[in-house]
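J.: Sequence first, predicted coordinates after that:
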Amino acid sequence: MKTLGDKNESIRQLKAKIMELEGFSSSSKPPSAPLGLGPIESSFPGGSFPLGTVHEFISLHPADAASTNGFISGLLSSMVSKGGFCLWISNRRSIFPPGLKRFGIEPDRVIFIDLKKEKDVLWAMELGLKCSTLSAVVGELQELSFIESQRLQLAVEQSKVTGLLHRHNPKQQHALACTTRWKIVSLGSNLPGGMPGVGFATWNVALLKVRNGRPGEWKMEWKDGRFLPLTPLESRKQIHLSRDQHYA
C-alpha cells in the first residue's frame, strides 16, 4: 500500500514528465545564479524562469526595442555570470555592446554576429541553439513562421540552450512555438530629489503568453544588479514621467 509520500512523489514525477513533453525539461541547465525576476517568477511553471527553451519578445517601436534589449540583458546577466557565453545574432543590431556592463555583463561574454538577411539570422540562430556549450542565443529579426519557430524549439530540446527571440515591429503576430511571449515598454526614470541625469532602467513588463503559466503585467526596474518591482507610489511617478517625456 502506497503512503502519502509515495503518492506525492508519483504526482511530482507525472508533472515533471508532462512539463518535459511540453518543452520544460527537468534536465535543462540550471541558471548560474537565480534570475531574480521577483513577482514575475510566480507566473512560470515551477516558479522560475524556464531555461532550455525559446522565448519571444515583440517590439513595435525603436524605443521599445532598446527597452527590450535592456530587459534581455538583465536576463543574460545571470546566464553568463559564471563564465558562460552568448551569441547575439542580427541583421540590424540595436544593442550597444559597452552598454552591457550596466547589466553586469562583460562584452567579451557575448559574441556578436551581424548578417545581411533575415533568413541568415534564422539559420545562424538555429545552429547556435544546437551548441550545448553556449548559455543563450539572442536573435533579432522581424518575421518567422510557426514551422520555423518549431525548428528553433527542437534545437534546444537536445542542447538545453536558452533562446531569446527579439522581433522588431513584426507584421504578423501569429502564435509561435515559443514558451513565452513578452512586450517590454520603457518608463521614465525616477531620480531622487529631482536630480538631473539618467536613472535606473525602468520598464512596464507584459508577459503576454506563458505555456502552463499565468500571464501578467508588472512595473520593474534594474537596480543594484537585479530586477526589482516598483512600489505603487513609484509606479505612478514613472507613468507620469513617461507621459511628460512623450509629449515633450
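T.: Thanks, I have it. None of the values given here were measured: they were computed from a predicted structure.
J.: just checking, Leu100 is part of a helix?
T.: Yes - Leu100: assigned to a helix according to DSSP: H, G, I helix; E, B strand; the rest coil.
J.: what mean pLDDT does the host helix or strand of Val205 have?
T.: Per DSSP states H and E, Val205 falls inside strand 202-210. For strand 202-210, mean pLDDT rounds to 95.
J.: Which strands border that strand, and is each parallel or antiparallel?
T.: Next to strand 202-210 in the sheet, as set by DSSP bridges, lie strand 180-186 (antiparallel), strand 216-223 (antiparallel).
J.: could those strands go into a markdown table alongside mean neighbour count?
T.: Using the backbone N, CA and C atoms, a C-beta is placed for each residue, glycine as well. Listed next are the strands paired with strand 202-210 as a markdown table, based on neighbours: other Cβ atoms under 10 Å:
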| stretch | mean neighbour count |
| --- | --- |
| strand 180-186 | 20 |
| strand 216-223 | 17 |
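J.: Nearest to Val80 among these would be which one?
T.: Closest approach to Val80 among those (Cβ to Cβ): strand 216-223, 15.8 Å.
J.: quick check: mean pLDDT across the closest one?
T.: Across strand 216-223, pLDDT averages out at 94.
J.: rewinding a little: right, and the strands paired with strand 202-210 - which one's nearest Gln173?
T.: Of all the strands paired with strand 202-210, it is strand 180-186 that lies closest to Gln173, at 8.8 Å by Cβ to Cβ.
J.: The closest one: how far from the chain's middle?
T.: Distance of strand 180-186 from the chain centroid (Cα atoms, centre = their mean, to the nearest Å) equals 9 Å.
J.: what are the C-alpha coordinates of that strand, in PDB please?
T.: Taking C-alpha atoms only, strand 180-186 is exported to PDB below (Å, rounded to 0.1, in the frame of the first residue of the first chain):
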ATOM      1  CA  THR A 180       6.600  32.800 -23.600                       C
ATOM      2  CA  ARG A 181       5.800  36.000 -25.400                       C
ATOM      3  CA  TRP A 182       6.800  39.400 -23.900                       C
ATOM      4  CA  LYS A 183       6.300  43.100 -24.600                       C
ATOM      5  CA  ILE A 184       8.600  45.500 -22.800                       C
ATOM      6  CA  VAL A 185       8.000  49.300 -22.800                       C
ATOM      7  CA  SER A 186      10.200  51.900 -21.200                       C
END
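J.: ok, now how distant is the nearest residue to Pro45 once chain neighbours are set aside from Ile105?
T.: Nearest residue to Pro45 in three dimensions, chain neighbours excluded: Asn212, at 4.5 Å (Cβ to Cβ, 6 or more residues apart in numbering). According to Cβ to Cβ, to the nearest Å, Asn212 and Ile105 sit 30 Å apart.
J.: So which of the two has more stuff around it?
T.: Neighbour count, other Cβ atoms under 10 Å: between Asn212 and Ile105, Ile105 has more, with 21 against 15.
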